[in-house]
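**Student:** pasting the sequence and the predicted model now:
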Amino acid sequence: MQRIVHNPDGRIYPATPDYVHALEIRDPQRIVYLSGTMGLDTAAAAGRNLSEQLDLVWSNIRVILASAGMTVANIVRVTSYLRDAAFAPENQNARVTALQGNIVPTTAIVVQTLSADWLIELEIIAAA
């Protein structure tokens, strides 16, 4: 599988160190689409705060990817659903840490979640 970043310099606003405008994936053998994954523990209880939920959501994502024989290195797209716009910086920092240098297209959307104690939900696309 080949990964090609598309950041057309000078013709569009610049990408940032943790963001790319587009990522082309050539010849993947497998693509995995993760449902919206939340910061819930194994008993389906939400973490007590945003930091705990971010730790849980990325842990849950790693478990799901491992079940498909993948890691965070296989992630090619992240969509974040945040209960509050103020969560954006902490979400960004958690994403950068979790992805370990894997820079992918990402979007954050502020939404009303289905349960008041769900602060973050991530939707992931991975390819191998």
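**Tutor:** Now that the structure is in, tell me what you want to look at. Residues are numbered from 1 along each chain as shown.
**Student:** skip the chain neighbours and tell me the closest residue to residue 1.
**Tutor:** Leaving aside its sequence neighbours, residue 1 sits nearest to residue 28 (CB to CB, 6 or more residues apart in numbering; 4.8 Å). Bear in mind the C-beta positions are built from the backbone N, C-alpha and C, glycine included.
**Student:** what does residue 51 give?
**Tutor:** Counting by CB to CB, 6+ apart, residue 51 lies nearest to residue 90, which is 6.9 Å off, once chain neighbours are set aside.
**Student:** check the contact between the one you found and residue 53; I expect there is one.
**Tutor:** No. Taking contacts as CB atoms under 8 Å, residue 90 lies outside contact range of residue 53: 9.9 Å.
**Student:** more neighbours: those two, which one.
**Tutor:** residue 53 (26 against 17; other CB atoms under 10 Å).
**Student:** just say helix, strand or coil for the more buried one.
**Tutor:** Under DSSP: H, G, I helix; E, B strand; the rest coil, residue 53 falls in the helix class.
**Student:** need the contact list for it.
**Tutor:** 38, 39, 46, 47, 118, 119, 120 (CB atoms under 8 Å, 6 or more residues apart in numbering).
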